Each structure stands twice: as C-alpha cells, then as structure tokens.
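Chemist: This is a predicted model, with the sequence first.
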Amino acid sequence: ARMSMVWSVREARAAELLALDEAALCAAVEAAGGSLLGPLRLLAPAAAFPIARFSLDQAIAPRIALAGDAAHVVHPLAGQGMNLGLGDAESLARVLAAPGVRDPGDPLVLRRYQRSRREEVSAMRWTTDGLDWLFHAGGPGLRWLRNRGLALVDGAMPLKSALVRQALG
C-alpha cells in the first residue's frame with residue numbers, strides 16, 4: 001500500500017527530521033505512529049514547507065468572490081482546508097441560484113455569500129489553531145489533560161460521531 005502524509009512539527013524538529021537518512025526518518029515516523037502501519041519506506045524525498053495561515057477581512061471585492069485557499073488558509077493538521085473550499089463553492093452556488101438573483105456580481109449578493117461562510121471558517125480556524133497549540137504545548141500536566149480529553153471524546157460515541165460528521169463536511 002502507498003500513502004502520503006503530512007507531519008506538522010515545529011521548525012527545529014523539521015530540520016532534525018530532514019537531516020536524517022532514509023532509514024532513520026522512516027524509523028522516526030514509525031515510532032511517532034506507534035508502529036501501527038508497520039515498516040515504512042520512502043517513495044520520494046521528504047520535504048518541508050512552512051505553514052502559512054491567513055485570512056482576509058473580506059472574501060469579496062467589486063464583482064469578485066474568493067473561495068478556498070484564496071480566501072482563507074487553516075492549519076493542515078485536521079485536513080479541513082479542502083472541505084472549507086468545497087463549502088465555499090457550495091455556498092456561493094446556493095447564493096447565486098437563489099430566487100431573484102440576476103447579477104452574480106451584485107455587492108449585496110456577494111456579501112450574502114461572505115456572511116454565509118464567516119462562522120464555519122472562523123470555527124475551523126479556532127479549532128485547528130487550538131489543536132495545534134494543544135499538541136505542541138509542553139508540560140506533563142497539559143499533556144495528561146490533552147490525552148485524557150481525547151480519550152473521553154474517543155469513548156463518547158455520540159460526540160465522536162458528531163465530530164466525524166463535521167470533519168467530513
């Protein structure tokens with residue numbers, strides 16, 4: 001089986017990982033994943049890319065509506081950037097197909113689209129930034145609290161199901 005992965009780490013750790021030879025890097029990935037995937041081997045060289053987050057105050061301009069990464073970028077750790085972009089496209093299509101819309105560039109129509117996305121995009125940004133902070137925060141007490149919280153969510157099937165539904169869009 002083949003897979004592609006993104007491992008989100010701080011800059012210093014990324015430099016350490018990139019300096020490893022292939023066998024050592026595979027061993028580090030295996031160890032981080034608890035060896036759940038079994039032995040790994042690289043199919044392509046490892047690469048590092050800085051994570052850039054941004055959000056525009058306005059996802060619209062005269063006769064323009066931005067969607068997806070053009071309008072907002074969230075931390076990739078939850079893999080939700082594409083889902084947000086698809087949600088943008090769906091919302092824009094719904095707004096443009098609404099009864100009475102004659103001009104897709106009408107400022108009122110574009111503002112309706114922007115308002116329709118603001119809450120979900122903001123919630124996802126807070127969630128991904130919060131998870132990033134939580135997983136990189138130090139201290140044994142915080143790690144224990146994080147792990148305990150994740151275990152509770154994992155054991156609470158209704159909550160876990162709701163989170164999975166949300167993540168899948």
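Modeler: Cool, got the structure.
Chemist: these two touch, right, residue 103 and residue 63?
Modeler: No - under the criterion of Cβ atoms under 8 Å, residue 103 makes no contact with residue 63, lying 9.0 Å away. (C-beta placed from N, C-alpha, C; glycine too.)
Chemist: after the longest helix belonging to the chain comes which helix or strand?
Modeler: Counting by DSSP state H, the longest helix found in the chain is helix 107-136. With elements assigned by DSSP states H and E, the helix or strand that comes after helix 107-136 is helix 140-155.
Chemist: Tell me which residues of that next one come out buried.
Modeler: For helix 140-155, the neighbour count (16 or more other Cβ atoms under 10 Å) marks no residue as buried.
Chemist: Now the element after it, going C-ward?
Modeler: Following helix 140-155 in sequence, per DSSP H and E, is helix 157-168.
Chemist: what residue ranges in the protein are flagged as low confidence?
Modeler: In the predicted model of the chain, residues 164, 167-169 satisfy pLDDT under 70.
Chemist: hmm, 90 instead?
Modeler: Along the chain, the model assigns pLDDT under 90 to residues 1-11, 33-38, 49-57, 69, 72-83, 122-169.
Chemist: Determine the set of other helices and strands touching the helix or strand harbouring residue 84.
Modeler: Assigned by DSSP H and E, residue 84 falls within helix 81-96. Using 3 or more Cβ pairs under 8 Å, 6 or more residues apart in numbering; DSSP states H and E, the elements in contact with helix 81-96 are helix 107-136.
Chemist: what's the offset of the helix it packs on from the middle of its chain?
Modeler: Its chain's average C-alpha position is 11 Å from that of helix 107-136, according to Cα atoms, centre = their mean, to the nearest Å.
Chemist: if we can go back for a sec, which residues outside the helix holding residue 84 are in contact with it?
Modeler: Residues outside helix 81-96 that contact it (Cβ atoms under 8 Å, 6 or more residues apart in numbering): 59, 65, 67-69, 71-74, 101, 104, 109, 112-113, 116-117, 120-121, 124, 167-169.
Chemist: Recalculate using a threshold of 6 Å.
Modeler: Residues outside helix 81-96 that contact it (Cβ atoms under 6 Å, 6 or more residues apart in numbering) are 65, 67-68, 74, 104, 112-113, 116-117, 124, 169.
Chemist: Go through the residues you listed and give me the one with the most neighbours.
Modeler: For the contacts of helix 81-96, counting by other Cβ atoms under 10 Å, the largest number of neighbours falls to residue 74: 24 neighbours.
Chemist: Would you mind measuring from that one to residue 23?
Modeler: Using Cβ to Cβ, to the nearest Å, residue 74 is found at 34 Å from residue 23.
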